[in-house]
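J.: Whatever this is, show me its structure:
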Amino acid sequence: MSGAGRDYFIAGTRFDAPPLAPGLYVVATPIGNLRDITLRALETLAAAELVLCEDTRTSAKLLDHYGIKGRRQALHEHNERDKAENIAARVAAGAAIALISDAGTPLLSDPGFPLIRALAEQNLPVFPIPGASALLSALVVAGLPTDAFVFHGFLPPKAGARANALEKLKDSRETLVFYESPRRLAACLAGMSDVLGDRQAAVSLELTKRFERTFRGSLAELAVQFSEESTKGEAVIVVAGAAEPSAPSAEDWQAALAEAMNGQALRAAVDEIAARFGLKRKEVYDAALALKNAQ
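T.: Predicted structure coming up:
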């Protein structure tokens with residue numbers, strides 16, 4: 001076990017935090033409302049001998065609010081690779097260390113992956129302390145399917161690179177989830193409309209905060225709406241997946257099969273039509289034989 005228990009405060013009442021087993025604790029923190037933190041997260045942050053913060057100044061608002069006074073150290077995208085080896089060595093020596101980001105669940109478009117990778121490669125203990133997530137919060141209020149979804153974080157900021165990235169996603173059937181900065185929101189939505197078509201989408205802003213709001217509509221409608229108003233805070237964009245392709249009519253694919261058989265061997269024509277229309281080869285082959293026998 002690591003060290004003696006430390007304490008934290010909730011509404012002025014002091015609570016003891018039990019000692020932690022050695023390891024790295026990946027702790028989710030609120031995305032806006034400071035009350036959206038779990039008791040387990042508070043106990044972990046209070047008992048850890050070191051709290052790794054994306055920005056110590058930002059994290060101070062949360063830690064100070066709950067009276068957590070332990071040591072803090074910055075771990076961000078510019079230094080995490082250099083620090084990973086040293087932190088892993090401390091965990092291997094028996095330290096209990098907590099990792100948090102500025103808001104939400106670490107590693108989701110936030111620093112931390114090189115550190116977790118270094119620990120995993122050495123088979124050192126890593127514990128998730130679940131909690132708030134902007135990704136999941138936006139998804140459950142979007143009004144779009146949640147049975148299958150894919151998170152893509154931030155798209156490239158430049159229009160050309162963004163369009164190329166979206167082009168690779170346009171056939172995905174899963175609901176798509178993205179993060180975006182307020183200054184690029186309108187351009188991003190317009191780019192999505194151009195590449196993905198006029199799908200249904202939702203934009204969530206200021207999640208869990210006083211002025212939390214979610215806007216729903218087509219990508220084109222949302223692009224126009226946000227081109228006419230300024231926004232604050234990081235946005236979460238949820239976009240409907242590609243529609244299931246409609247099944248081809250027997251009349252259409254059999255007509256195409258007959259045309260294909262006029263210019264090539266039967267087997268080649270069958271392979272072409274089966275691939276083009278997404279049909280079972282045996283079904284097309286049987287139809288081709290029937291056409292051939294009818295001639």
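
J.: What separation do you get for the residue lying closest to residue 66 once chain neighbours are set aside and residue 23?
T.: Once flanking residues are discounted, residue 66 sits nearest to residue 8: 4.8 Å by Cβ to Cβ, 6 or more residues apart in numbering. In this view, the C-beta of every residue, glycine as well, is placed from N, C-alpha and C. Residue 8 is 20 Å from residue 23, where distance means Cβ to Cβ, to the nearest Å.

J.: the more surrounded of the two?
T.: residue 8 (24 against 19; other Cβ atoms under 10 Å).

J.: Report the beta-bridge partner residues of the more buried one.
T.: Listed by DSSP bridges, the beta-bridge partners for residue 8 are residue 15.

J.: does it really touch residue 46, like I thought?
T.: Yes. Contact criterion Cβ atoms under 8 Å: residue 8 and residue 46 qualify, at 4.2 Å.

J.: Give me the common contacts of those two.
T.: 17, 66, 68 (Cβ atoms under 8 Å, 6 or more residues apart in numbering).

J.: Might one say that the first one is in contact with residue 40?
T.: Right, the one you point to is residue 17. No. If you go by Cβ under 8 Å, residue 17 and residue 40 don't touch, sitting 10.0 Å apart.

J.: What are the contacting residues of stretch 279-290?
T.: 248, 253-254, 257, 261, 266, 269-271, 273-274.

J.: switch the cut-off to 6 Å
T.: 254, 266, 270, 273-274 (Cβ atoms under 6 Å, 6 or more residues apart in numbering).

J.: now do stretch 71-80
T.: 50-54, 56, 111, 114-115.

J.: Would you mind checking the residues you listed for buried ones?
T.: Listed as buried from these are 50-54, 111, 114-115; burial here means 16 or more other Cβ atoms under 10 Å.

J.: By pLDDT, give me the weakest of those.
T.: Of all the buried ones among the contacts of stretch 71-80, residue 111 has the smallest pLDDT value, namely 90.

J.: And that one, how close does it get to residue 84?
T.: Distance from residue 111 to residue 84, by Cβ to Cβ: 10 Å.

J.: The residue nearest to the spatial centre of the chain: which element?
T.: The centroid of the chain falls nearest to residue 151 when counting by Cα atoms, centre = their mean (2.9 Å). Using DSSP states H and E, residue 151 maps to strand 149-154.

J.: Direction included, what does that strand pair against?
T.: Short version: by DSSP bridges, strand 149-154 pairs with strand 175-180 (parallel).

J.: Off-centre distance for the partner strand?
T.: 7 Å (Cα atoms, centre = their mean, to the nearest Å).

J.: Now it - C-alpha only, CSV.
T.: Extracted as CSV, the C-alpha positions of strand 175-180 are listed here (Å, rounded to 0.1, in the frame of the first residue of the first chain):
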residue,chain,number,x,y,z
THR,A,175,-23.1,7.2,-35.6
LEU,A,176,-20.1,9.6,-35.8
VAL,A,177,-18.9,11.7,-32.9
PHE,A,178,-16.4,14.6,-33.2
TYR,A,179,-15.0,17.4,-31.1
GLU,A,180,-14.6,20.9,-32.5
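
J.: Now do the following helix or strand past that strand against strand 149-154, angle only.
T.: Per DSSP H and E, the first helix or strand lying C-terminal to strand 175-180 is helix 185-196. On the basis of axes from the mean of the first three to the mean of the last three Cα atoms, to 10 degrees, helix 185-196 is oriented at 130 degrees to strand 149-154.

J.: Report the distance from helix 185-196 to the chain centre.
T.: With Cα atoms, centre = their mean, you get 18 Å for helix 185-196.

J.: Same question for stretch 115-122.
T.: 21 Å.

J.: Show me the protein divided up by domain.
T.: As assigned by automatic domain parsing, the chain contains the domains 6-132, 135-239, 250-294.

J.: Out of those domains, which gets the lowest mean score?
T.: Averaging pLDDT over each of those puts domain 250-294 lowest, since it has a mean of 90.

J.: all helices of this protein, in order?
T.: 39-47, 56-65, 80-92, 113-121, 134-141, 159-167, 185-196, 219-227, 250-263, 266-277, 281-294 (DSSP state H).

J.: Make a markdown table out of these and add distance to residue 175.
T.: Output for the helices of the chain, formatted as a markdown table (distance: least, Cβ to Cβ, whole Å):
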| stretch | distance to residue 175 |
| --- | --- |
| helix 39-47 | 28 |
| helix 56-65 | 30 |
| helix 80-92 | 30 |
| helix 113-121 | 24 |
| helix 134-141 | 7 |
| helix 159-167 | 15 |
| helix 185-196 | 12 |
| helix 219-227 | 13 |
| helix 250-263 | 30 |
| helix 266-277 | 27 |
| helix 281-294 | 32 |
